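1. this one's structure only:
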């Protein structure tokens, strides 16, 4: 039995609200249950020096967590003077995930920076971030299209992410915080709308897992991603 | 004529929504027009070493701004490795403002940390932060009272803040971003519910101001603070 | 009765000695009683990148305190790896105060950096710094005038600063360290030679203050600034 | 055809030389072809504060690369003032991989720190590091056993790692630098001696991969890990 | 011919003024010609953790330079976020030099921190610092003696320092800035009052030097140190 | 009697193995007994901005120590966020030593960076580093000569270094760690192949030393350097 009473293959309630920022070219508030992430996509018509002059654009991401997004207050990274290894891992993952569906030539010599800031954390902040980041990115691209800043179709597909894990012996979809703490195996899947993999990160906290277990987790992920993709499509086209 | 069409002594629409965080002991979302700040108050039953053993509590504040709270994206302080001088000035101001209305003996050897994170910035982020911080603080104190963690009345009064300035020759109340950029004189007032001053910070960006002009700004501030105090009372008692 | 035996409206003995550095274009040693600050003004005929190409100059300030300027040794900021929030607040204040009396067009595309280093601290280090900084700045401007580096009158007025506070119930002028520690209300005033305000920073450490009390402090400040202005004039014209 | 002329399922020549440090309790030089990593395992009979008093030990890892391990000189992290996101990701991965095969209770309240320093980099530095780290760890544990510092069997299994990827359309085992730069899909597998997974990290640099492709990569990995496990066994028992 | 017109074996005018700080237990302003250093010695009756419980004291030193001590303004180390390699080298040298004449057992479990801050730099700042540091240290020790904080004779001898170099082919004593810039060989000597060496640091900027040249420099240094020792004795006993 | 059984004027076994890095333009592994340092010399055909446009090259050095080069693990400098004062002192010394034998005009507008990374430390890491650095530098220069990147003879002489000290009253050559810890006087000598001095750094840890003692140490150093120079010649010409 899951703490939330969900079925093993049942996602939390997912909502994506667009246009939550007056200023960003794309933005959304994404919720996976009680996890809430504010995502903005910022368009710049310039590039970092190492990327210039190749006719290609760039997409990058940053991730942060408000100090009291967590059960006990976490120290602010701006105060401690650096981003933690965990933060850097997550923001690198978000950036790679988005770049996997972007045609950099079509983007032109422009940069889009996606900021994912966690307002409340209840497990799955990186998967919610990626799922919302795609929506904010799509809106920023639409904003650019209107201004004729792009050269053709920038987005080749959608991208979304979900976590799965083995909780008390049962493979389950979309871990919340209580499950995440206890799960011995935990895997994050990033997939495109057409069902292919962009990233798989599976970790055995204590007990190594078998290939069979991994396959079960993959099946759960495919189900979850399909639902998230539907949600993204509905929101973006609206 | 103000860009927003407001009267010189007219505040922007102010809203304070309580209990916006599942985890913080006190929290609110405060808006001064398009400026929106998420405030949380976190209770810890321990103190920093330098404050221990005196029978007194401590209240401190931190301030941050999401990268795309502003018209163009601002670099994340966690990435640049330090808080700017401006950020430090503001969070020190918020902390002092709150401490001015707290009875540290009644708080007991506990610490409350108030985090003010600006989701959208349109001028007056520090005054909105202080005004909301009082509400989150009051809720955190109420939470402590219920658990008998306090010794008597912790809050001696309410505290709120507003900015005034001279915009195109006219003294106006509650500057928004467009006014703030252009105003030659700019003053922030922090006042208690009974109408006394906790902080005054007046700055002449270019033209020094006279005592008379300062007095006009004070009168506007008193009007604004009275309205904010009403709003705080209505919200806290609800 | 003040610890120093001064009258409530009596400043400490103030001295300003010019030309204390062989190398700086302008310099002075300023003392407010036992507080001693070494000030240098350095002229550069270049500007930071963000300021270039507008035909305007720039004036900025930095502040530091020697480790044993204080009663017990303070950690050196170069060792701790960053300037404290207090240091940043003070140097930003000094810079703003000077800029308020400078005609940036007349300065041309040049920068003056004023360094205020406290050799001994006995209260009022920021007000002594500002008062001395004007003198060093005036000497640096004179140095530029001789070399025809300016375009017209750079300094529109003089600027000086003093602190006032309520010490054991009595409003007093120019707080020394013993008074500063104990004062419940403390205000710094930065004013031009013609008696207008550049900055007011009033803080209630514990008891909020009334508008009437503020006005008494302002009157004291006006008296103190008038004396400082006289001293500056005498020194600069010599 | 691979640049090195290897078969798709052929690993580079792997060597592990033990006892290369006079001082470390365990150490080895591990080579995967031209990639060479110096690994040391250091035993401390104390723990970081957060881990004390639970009767459990701790294993952690750090990773570094000499500036000229790479084709062009890379800036020294000690000079730039921080470890890169990549470095942190890798050392976190090494630490997790080792902890997955350690019985922390048997280790007692002791800490083992494994340092992996890359002397020459030709692709696969993280997989070589993990593979060598197990050997150094085993030697450090043996050193502890001799001194009766452990409580029972510390190592539950061996652990090794290998990368696979899709190079010019063909799935290949153990990517070297030339292959790594060009491969569109790249996956690192960390597995125990009994063939279960500790970590999987698969990344599509440009073209998302299918479940079928992932399975092919897994098969290659299983073959490679089996060979590495043999090598580790031979070395450790010698 | 030296730029200053001095004879090859002639020191600059040296002055040491004691008791220049109201607060430090020992202090002096030391000048070697136009080089001026403010030195304070601060007594603490506690020790850093690594030194405790051995019945021994500690003496350490820090060095700094005001931004405009130099001909063109130097960036403030507190702003750049770290002490330069040069600064660290110098403060380590000062600390070692002082410790060479201190009986740590007689000092008891106390620490003396000597701060050397260069107000004006014209060559020889490290040698002036060491020479002045001994005087400030002696005063701090006297202060401790009066309060019976020491156990016997703390200072075993005096210590002073001077630089020598080969300027346009001629060995000269006590290089000033103009000589220092041009000298091909430059050596700093730290010696005790009884004429023995504490430190020798000789550097050939371009042309390596012979043993004979080194001996000539040593003779110059012995002459200079003897004069400095006289000066120190006269000042300390007054 | 020395711990190693060596004669007072006997160096440890010294070996220099060239071409230990596949990628660096010059490299060697240098051993002074159990001290082992990996040295690489990296050629860049560009210069840091401050050195450009003068027709002169630049040679610089960096120094590092692997965490377990020492008897107990030392904290990694990349983790602590900065290079220690000791590290900076050493790398500045290495750089100066190499520059003393380089004709910067002949080098042309190119930079060579020499990295000295200590794999095992048993005393004398800086002297071994300098001695090996010359060999790596010579190979890098030869590499440049082959590509006609130089303008004439770059190296004017060889350079090597050795330490001497007074161990239990006896002057000895080439201190190992056990001797270094105990020696009261310790001196490092950097000399050219023709027997002249580039650097002398003598330090009295406790007992100041006499001129006579220094001369004895110099004689030992001359003997040691002569042996090192022979070794370098044999290796470089091979």
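-> Now that the structure is in, tell me what you want to look at. In this text the structure is predicted, and so the values were computed from the model without any measurement. Numbering: from 1, shown residues only, chains lettered A, B, ... in the order given.

2. So what's the residue count around residue A:44?
-> Residue A:44 has 15 neighbours, counted by other CB atoms under 10 Å in any protein chain shown. Bear in mind the C-beta positions are built from the backbone N, C-alpha and C, glycine included.

3. err, residue A:148, not the other one
-> 7.

4. Distance check, it against chain D.
-> Noted for residue A:148: a distance of 26 Å to chain D, by CB to the nearest CB, to the nearest Å.

5. mind checking which helix or strand residue A:215 is in?
-> Using DSSP states H and E, residue A:215 sits in helix A:211-237.

6. Chain A: strands as residue ranges?
-> A:14-18, A:26-32, A:35-44, A:58-65, A:111-120, A:159-167, A:170-173, A:185-192, A:197-204 (DSSP state E).

7. Any idea how far the fourth one is from the middle of the chain?
-> When distances are taken as CA atoms, centre = their mean, to the nearest Å, strand A:58-65 is centred 10 Å away from the chain's centroid.

8. Tell me the spatial nearest neighbour of the residue of chain A most remote from its centre, not counting adjacent residues.
-> Using CA atoms, centre = their mean, the residue of chain A lying farthest from its centre is residue A:53. It sits 29.5 Å away. Closest residue in space to residue A:53, ignoring its immediate chain neighbours: residue A:109 at 8.0 Å, by CB to CB, 6 or more residues apart in numbering or on different chains.

9. Next one: that neighbour, what pLDDT does it get?
-> Per-residue pLDDT puts residue A:109 at 97.

10. Could you measure from residue A:148 over to residue A:110?
-> 12 Å (CB to CB, to the nearest Å).

11. Need the strands of chain A in JSON lines (columns: distance to residue F:221).
-> Below are the strands of chain A laid out as JSON lines (distance: least, CB to CB, whole Å):
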{"stretch": "strand A:14-18", "distance to residue F:221": "74"}
{"stretch": "strand A:26-32", "distance to residue F:221": "69"}
{"stretch": "strand A:35-44", "distance to residue F:221": "60"}
{"stretch": "strand A:58-65", "distance to residue F:221": "55"}
{"stretch": "strand A:111-120", "distance to residue F:221": "58"}
{"stretch": "strand A:159-167", "distance to residue F:221": "64"}
{"stretch": "strand A:170-173", "distance to residue F:221": "71"}
{"stretch": "strand A:185-192", "distance to residue F:221": "61"}
{"stretch": "strand A:197-204", "distance to residue F:221": "56"}
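
12. Which of the ones you listed has the highest mean neighbour count?
-> Highest mean neighbour count among the strands of chain A (mean count of other CB atoms under 10 Å in any protein chain shown): strand A:159-167, with a mean of 27.

13. elements contacting that strand?
-> Helices and strands touching strand A:159-167, by 3 or more CB pairs under 8 Å, 6 or more residues apart in numbering or on different chains; DSSP states H and E, are helix A:85-99, helix A:125-146, strand A:170-173, helix A:177-182, strand A:185-192, helix A:211-237.

14. can you give me the angle the second one makes with helix A:85-99?
-> So the one you mean is helix A:125-146. 40 degrees (axes from the mean of the first three to the mean of the last three CA atoms, to 10 degrees).

15. Quick check: buried residues in helix A:125-146?
-> Using 16 or more other CB atoms under 10 Å in any protein chain shown as the test for burial, helix A:125-146 gives A:125-141, A:143-144.

16. Quick check: residues of chain A near chain D?
-> Residues of chain A found near chain D (CB under 8 Å from any CB of the partner chain) are A:82, A:85, A:88-89, A:91-92, A:96, A:100, A:157, A:187, A:191-192, A:194, A:196-206, A:208-211, A:214, A:218.

17. ok, 6 Å please
-> Residues of chain A lying close to chain D (CB under 6 Å from any CB of the partner chain) are A:85, A:88-89, A:92, A:100, A:192, A:196-204, A:208-210.

18. Touching, residue A:76 and residue A:67? I think so.
-> Yes - Residue A:76 is within contact range of residue A:67, at 5.0 Å (criterion: CB atoms under 6 Å).

19. hmm, who's touching stretch A:213-222?
-> Residues outside stretch A:213-222 that contact it (CB atoms under 6 Å, 6 or more residues apart in numbering or on different chains) are A:9, A:162, A:164, A:171, A:173, A:187, A:189.

20. Which positions within that stretch qualify as buried?
-> So, applying 16+ other CB under 10 Å, buried residues of stretch A:213-222: A:213-214, A:216-218, A:220-222.

21. Repeat that for stretch A:71-83.
-> Neighbour-count burial for stretch A:71-83 flags A:73-74, A:76-79, A:81-83 (criterion: 16+ other CB under 10 Å).

22. same check, this time on stretch A:85-95
-> Neighbour-count burial for stretch A:85-95 [16+ other CB under 10 Å]: A:85, A:87-95.

23. Now flag whichever of the residues you listed is closest to residue A:17.
-> residue A:94 (19.1 Å; CB to CB).

24. residue contacts, that closest one?
-> A:61, A:129-130, A:133.
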